[in-house]
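Chemist: kindly generate the corresponding structure for this input.
(one chain, ligands or ions: 2)
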Amino acid sequence: MANNSTSHSNGNVPFKDFLKMIKNEHENIKDWKHRFNAAFEKKDRDEMSRIANSTIRSAALHADSEEVSVYKALEQHGFKEQADKDRRDHQHVKQLMSKLEQTSINDSLEHFHKLFNEACDLFIKHADDEEDPNVHGSLVQLRNKVSDERAAEIGEQFLKARKMAPERPHPEAPQGGGMAQKAAAAVTKATDMFTSANHDYAQPKHDFPSVRT
Ligand SMILES: [Fe+2]
Ligand SMILES: [Fe+2]
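Modeler: Ligands and ions are numbered 1, 2, ... in the order given. Okay, the predicted model is just below:
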């Protein structure tokens, strides 16, 4: 799976380091949660909707991209148990994000607020687990085990996977990181993009490379 086709001649290793990129995306979702709850206090439905759309999309892209790149690397470097646990976490997050996506903010603001926080809290708990070596720390353990160049290579695989990942949660889809998952993503990608085109989104705290370029 791993190869040496990645060019590091531009000295961009720190940017492409998978752990740095993943932490940025984790932080984006933590920041959106904070802003969502501030908007809820002001009963700002438009801002709440924008943030929920961004969070659902980012969580979907993030999960699928990790599964086909970083979690594959976990398995390759001797952390299969951690990869299995992370995939189970993702399944639960996708189920809650999917429930949130199917809920209209116009039916009940309080219910929408509650669902958003439940889904976000589960994502954040999982993200903290990935980052904290005292709890689970799968991604930190992987980063500590590989070279800077290998970390950048995994980072490039993560970005490449992100371009192919579905933009909506699909808890029923395969998530083993193999061809079945890629094929399922290819089927849903077009309809996901159509749905996304009709939504408004909030700005992220950290810019993230576009999934469409
Ligand atoms: Fe994850
Ligand atoms: Fe993550």
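
Chemist: reduced to three states, what does Arg143 come out as?
Modeler: helix (DSSP: H, G, I helix; E, B strand; the rest coil).

Chemist: number of residues surrounding the closest residue to Arg45 other than its chain neighbours?
Modeler: Leaving aside its chain neighbours, Arg45 sits nearest to Ile105 (5.7 Å; criterion: C-beta to C-beta, 6 or more residues apart in numbering). Quick note: C-beta positions are derived from backbone N, CA and C, even for glycine. Applying other C-beta atoms under 10 Å, we find 17 residues neighbouring Ile105.

Chemist: now the helices for the chain?
Modeler: Under the criterion DSSP state H, the chain contains helices at 13-16, 18-41, 45-65, 71-76, 80-101, 109-131, 138-145, 148-164, 179-197.

Chemist: in JSON lines: those helices, plus mean pLDDT.
Modeler: Converted to JSON lines, these look like this (pLDDT from 0 to 100):
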{"stretch": "helix 13-16", "mean pLDDT": "58"}
{"stretch": "helix 18-41", "mean pLDDT": "96"}
{"stretch": "helix 45-65", "mean pLDDT": "96"}
{"stretch": "helix 71-76", "mean pLDDT": "97"}
{"stretch": "helix 80-101", "mean pLDDT": "96"}
{"stretch": "helix 109-131", "mean pLDDT": "97"}
{"stretch": "helix 138-145", "mean pLDDT": "95"}
{"stretch": "helix 148-164", "mean pLDDT": "93"}
{"stretch": "helix 179-197", "mean pLDDT": "68"}
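
Chemist: can you pull the contacts of the residue positioned nearest the centre of the chain?
Modeler: Nearest residue to the geometric centre of the chain (C-alpha atoms, centre = their mean): His62, 1.8 Å. By C-beta atoms under 8 Å, 6 or more residues apart in numbering, the contact list for His62 reads 22, 25, 29, 162.

Chemist: what about the third one, distance to Asp121?
Modeler: As judged by C-beta to C-beta, to the nearest Å, Ile29 and Asp121 stand 10 Å apart.

Chemist: okay, these two: which has more neighbours?
Modeler: With neighbours defined as other C-beta under 10 Å, Ile29 and Asp121 compare such that Ile29 has more, 22 against 13.

Chemist: show the contacting residues for that one.
Modeler: Each residue near Ile29 by C-beta under 8 Å, 6+ apart is listed here: 55, 58-59, 62, 120, 123-124, 127.

Chemist: let's have these in TSV, adding distance to Phe18.
Modeler: TSV is the format used below for these (distance: C-beta to C-beta, whole Å):
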residue	distance to Phe18
Thr55	21
Ser58	16
Ala59	17
His62	12
Cys120	23
Phe123	18
Ile124	19
Ala127	14
